[in-house]
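> the following block contains a protein sequence and its predicted model.
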Amino acid sequence: ELKVEQNPLFLSMQEGKNYTIYCNYSTTSDRLYWYRQDPGKSLESLFVLLSNGAVKQEGRLMASLDTKARLSTLHITAAVHDLSATYFCAALGATNKLIFGTGTLLAVQP
Amino acid sequence: DTEVTQTPKHLVMGMTNKKSLKCEQHMGHRAMYWYKQKAKKPPELMFVYSYEKLSINESVPSRFSPECPNSSLLNLHLHALQPEDSALYLCASSHPLRRTEAFFGQGTRLTVV
């Protein structure tokens, strides 16, 4: 059964610093997604990663995928307060089952 | 158009009421999902429809009844809910074959009183 683990659960960062969120999944997955969620809001799609070695970047966020290690990372460069949110990874398993990781609450402090 | 539209945005219902949540997309996506999300938790998968057929039911209580009338619409019928069913209900869609994004609607904030 597909399980997705994410760490850390909570990340307090200073503005201008770099950090990485990790996402591990337990079985072969066809796609790996990253989402952002602001308090009380829905999920905003950030990235979809499809193949081994895939890397995508948007602004200060960069996501990568290693299918052999079943690991995806979301790297934050020079954090700013606007990036404060909860970040989820999700893996797509068999029969279109889309399973979410536990989420990482990111708080960027001035 | 990359929108998934959910109605209503907010719903308050009594434990004896019957109500329905609606979800609509026009992206040609043939996989549609219902998720339940409690505060400070990840979305929890409830149902998946693939090509208008129910493909996954994650042991959801029968007081939740999904329906997919056509490839653009997804409903969730609610009956005799409990206060612990209060949550944000999210609809999502994706294409099973085209390896593209999965988009979420804005959600319905449900309160059961």
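Ah, there it is.
> interface residues of chain B facing chain A?
Contacts of chain B with chain A, taken as C-beta under 8 Å from any C-beta of the partner chain, map to B:31, B:33, B:40-45, B:48, B:50, B:55-56, B:88, B:90, B:92, B:94, B:96, B:99-107. C-beta coordinates here come from the backbone N, C-alpha and C atoms, glycine included.
> narrow these to those that are buried.
Neighbour counting by 16 or more other C-beta atoms under 10 Å in any protein chain shown classes B:31, B:33, B:42-45, B:48, B:50, B:56, B:88, B:90, B:92, B:94, B:96, B:101-107 among the residues of chain B next to chain A as buried.
> the residues you listed in strands, which ones?
Mapping these onto strands (DSSP state E) picks out B:31, B:33, B:44-45, B:48, B:50, B:56, B:88, B:90, B:92, B:94, B:103-104.
> among these, which two are most distant?
B:50 and B:88 (23.6 Å; C-beta to C-beta).
> dump the residue contacts of residue 83.
You didn't say which chain, so I picked chain A. Counting by C-beta atoms under 8 Å, 6 or more residues apart in numbering or on different chains, residue A:83 touches A:60, A:61, A:76, A:106, A:108.
> actually, chain B is the one I wanted.
With contact taken as C-beta under 8 Å, 6+ apart, residue B:83 is in contact with B:15, B:112, B:113.
> nearest to residue A:81, of those?
Closest to residue A:81, out of all of the contacts of residue B:83 and judged by C-beta to C-beta, is residue B:112, at 35.6 Å.
> how many residues are close by that closest one?
The local packing of residue B:112 (other C-beta atoms under 10 Å in any protein chain shown) involves 19 other residues.
> please apply the same query to residue B:15.
For residue B:15, the count of nearby residues is 13 (other C-beta under 10 Å).
> hmm, back to that, closest to residue B:61 among the contacts of residue A:83?
Residue B:61 lies nearest to residue A:106 out of the contacts of residue A:83, by C-beta to C-beta, at 33.7 Å.
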